[in-house]
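**Student:** here are the coordinates; sequence isn't available:
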DNA sequence: GAATAAAATTGACCATAGTCGACTTTTTTC
DNA sequence: GAAAAAAGTCGACTATGGTCAATTTTATTC
């Protein structure tokens, strides 16, 4: 019976994660010691390190679980027919809400996601690939509908949206954008990215170039 | 005579910074202990904490010195007459080179810059303001030349460029962009942001800059 | 220049992230 | 089912970031 062991491993991991979520939420990440966490999970301190390499790994594991769940949800609910702009706002706002739900969790997650340590690269790239799998079909559809230029690599397109998303989260952490304003801000940024920052050649959509 | 004391304070700070740069470069940030650093600077461990609040503060102090220096340089060398696109590429590439010169330094700096801890907010905002002071005049000039839409807030314009810069650095840390490719990638992204991601109404490919 | 006040320095000390070899439990082998 | 092997658990131990009361150095007052 090779089952008992694996069963137990899963349960222990669960116990750690549950204790972590509870304690981190109650007292914050920094204020929770590993020893305390171990006690709360009903195991020894050393055991934690056979499930996670570092303290922040525990946090990341949680965030990643959330993200996987979120991606699944997004994949299922993706409405491929509404305009790309709205699709993107919807997707990134879901992520935004998850990330900013707990300020400290989110900060560590973003720091690690945007500028990962070399140790975490592999895990990170895998995660990123999931993203592309989610986004590319949507972008292709949008392109077919004529909403996207055909001379820009899809990777670059995702880059534009992701860059602006990073900006939004950054602005949230510096207090320049409040939670309530976030969606409007993101939509504005995305729309501007679609339309371009330079004036439109023949004064088409919306804005004039009235000189002086 | 109130001079001796202040003189010494400056010298000690210098000594710490020098030792830090040396040791951090040689052995990396994590591997250098505060005690070691203190010995190298010829002072006691506790003294360091009357100059810097935390270990990473030492790193940030260094990075900020660099940045101030860089900003000065950029302000002096800014050529307000060349196209905005090139100005922006030049500015952000200078910063990119500084940040990526030392991988580990840069990572911590970016993590803290993009998603600052609440403790560091004030310092961060001050830094950001310097940025705006550098960029706004350039953007205004560009706008006068008809290179920028007039219906977008300048803050948003800087946001677009900064977001794409964040993306570039992020892509560098994940290995998706190599150092040699960075400038081309950034220029491409910036140009696309200027032109917009959606097809141009009259099939004009974006060169439609009838200036002069 | 002696006495006093203020500022700066220090290293012993504390808390805790992470390690490691001894120990316990499960699985495999015969 | 007993013995050996493998996998998992544990907490004492190490290393280090950060604190603080005692000490030394500098400035001020008379």
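**Tutor:** Arrived safely, thanks for sending. Every value quoted in this text rests on a predicted model; they were computed, and no experiment measured them. Numbering: from 1, shown residues only, chains lettered A, B, ... in the order given.

**Student:** going forward, measure contacts and count neighbours with C-alpha atoms only.
**Tutor:** Noted.

**Student:** quick one: stretch A:108-117 near DNA strand C?
**Tutor:** No: Stretch A:108-117 lies out of reach of DNA strand C by Cα under 7 Å from any atom of the strand, never closer than 12.8 Å.

**Student:** pLDDT (mean, whole number) over stretch A:137-153?
**Tutor:** Here stretch A:137-153 scores 94 as its mean pLDDT.

**Student:** buried ones in that stretch?
**Tutor:** A:138, A:139, A:140, A:141, A:142, A:143, A:147, A:148, A:149 (16 or more other Cα atoms under 10 Å in any protein chain shown).

**Student:** What's the end-to-end length of it?
**Tutor:** End-to-end distance for stretch A:137-153: 13 Å, by Cα to Cα, to the nearest Å.

**Student:** Establish whether that stretch and chain B are in contact.
**Tutor:** Yes: against chain B, stretch A:137-153 shows contacts by Cα under 8 Å from any Cα of the partner chain at A:146, A:147, A:148, A:149, A:150, A:152.

**Student:** Out of those residues, which comes closest to residue A:162?
**Tutor:** Residue A:162 lies nearest to residue A:152 out of the residues of stretch A:137-153 next to chain B, by Cα to Cα, at 15.3 Å.

**Student:** Enumerate every residue touching residue A:107.
**Tutor:** Applying Cα atoms under 8 Å, 6 or more residues apart in numbering or on different chains to residue A:107 gives the contacts A:99, B:115, B:116, B:117.

**Student:** repeat that with 7 Å
**Tutor:** residue B:115 (Cα atoms under 7 Å, 6 or more residues apart in numbering or on different chains).

**Student:** now it, what's its secondary structure?
**Tutor:** helix (DSSP: H, G, I helix; E, B strand; the rest coil).

**Student:** For the residue in chain A positioned nearest to chain B, the count of nearby residues, please.
**Tutor:** Minimum separation of chain A from chain B (Cα to the nearest Cα) falls at residue A:196, amounting to 3.3 Å. Counted with other Cα atoms under 10 Å in any protein chain shown, residues neighbouring residue A:196 total 22.

**Student:** how much space is there between it and residue B:199?
**Tutor:** As judged by Cα to Cα, residue A:196 and residue B:199 stand 10 Å apart.

**Student:** Dihedrals phi and psi, the residue of chain A closest to chain B?
**Tutor:** phi 100, psi 160 (degrees, to the nearest 10).

**Student:** Excluding chain neighbours, give the residue nearest to it in space.
**Tutor:** residue B:196 (3.3 Å; Cα to Cα, 6 or more residues apart in numbering or on different chains).

**Student:** Isn't the one you found up against residue A:193?
**Tutor:** Yes: in this structure, residue B:196 is within contact of residue A:193 by Cα atoms under 7 Å, at 5.5 Å.

**Student:** returning to what we had before: isn't the residue of chain A closest to chain B up against residue B:195?
**Tutor:** Yes: Residue A:196 sits in contact with residue B:195 when judged by Cα under 7 Å, with a separation of 4.6 Å.

**Student:** Would you mind listing the buried residues in the strand or helix carrying residue A:167?
**Tutor:** Element membership of residue A:167, judged by DSSP states H and E, is helix A:154-173. Of all the residues in helix A:154-173, those buried under the rule 16+ other Cα under 10 Å are A:154, A:157-173.

**Student:** need the residues of chain A near chain B, please.
**Tutor:** In this structure, chain A approaches chain B at residues A:107, A:111, A:114-116, A:121, A:147-149, A:159-160, A:163-164, A:166-167, A:170, A:173-174, A:193-199, A:201, A:207, judged by Cα under 7 Å from any Cα of the partner chain.

**Student:** where does chain A have low pLDDT?
**Tutor:** Chain A contains residues with pLDDT under 70 at A:1-5, A:202-212.

**Student:** so how far is residue B:158 from the residue nearest to residue A:196?
**Tutor:** From residue B:196 across to residue B:158, the span is 16 Å (Cα to Cα).

**Student:** and for the helix or strand containing residue A:93, what are the contacting residues?
**Tutor:** Assigned by DSSP H and E, residue A:93 belongs to helix A:84-101. Applying Cα under 7 Å, 6+ apart, the contact partners of helix A:84-101 are A:74, A:106, A:142, A:165, A:183, A:186, A:187, A:190, A:191.

**Student:** Not counting residues beside it along the chain, what's closest to the first one?
**Tutor:** In other words, residue A:74. Nearest residue to residue A:74 in three dimensions, chain neighbours excluded: residue A:91, at 6.8 Å (Cα to Cα, 6+ apart).

**Student:** The fifth one too?
**Tutor:** If you skip the residues right next to it in sequence, residue A:183 has residue A:93 as its closest partner in space, 6.6 Å away by Cα to Cα, 6+ apart.

**Student:** and that neighbour, how many neighbours does it have?
**Tutor:** A count of nearby residues for residue A:93, using other Cα under 10 Å, gives 17.

**Student:** Next: the one 4 residues further on.
**Tutor:** Neighbour count for residue A:97, taken as other Cα under 10 Å: 15.

**Student:** what does the one 4 residues further on give?
**Tutor:** For residue A:101, the number of neighbouring residues by other Cα under 10 Å comes to 12.

**Student:** so can I have TSV of the residues of stretch A:137-153 next to chain B showing distance to residue A:50 and secondary structure?
**Tutor:** Output for the residues of stretch A:137-153 next to chain B, formatted as TSV (distance: Cα to Cα, whole Å; DSSP: H, G, I helix; E, B strand; the rest coil):
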residue	distance to residue A:50	secondary structure
A:146	52	coil
A:147	49	coil
A:148	48	coil
A:149	49	coil
A:150	49	coil
A:152	45	coil
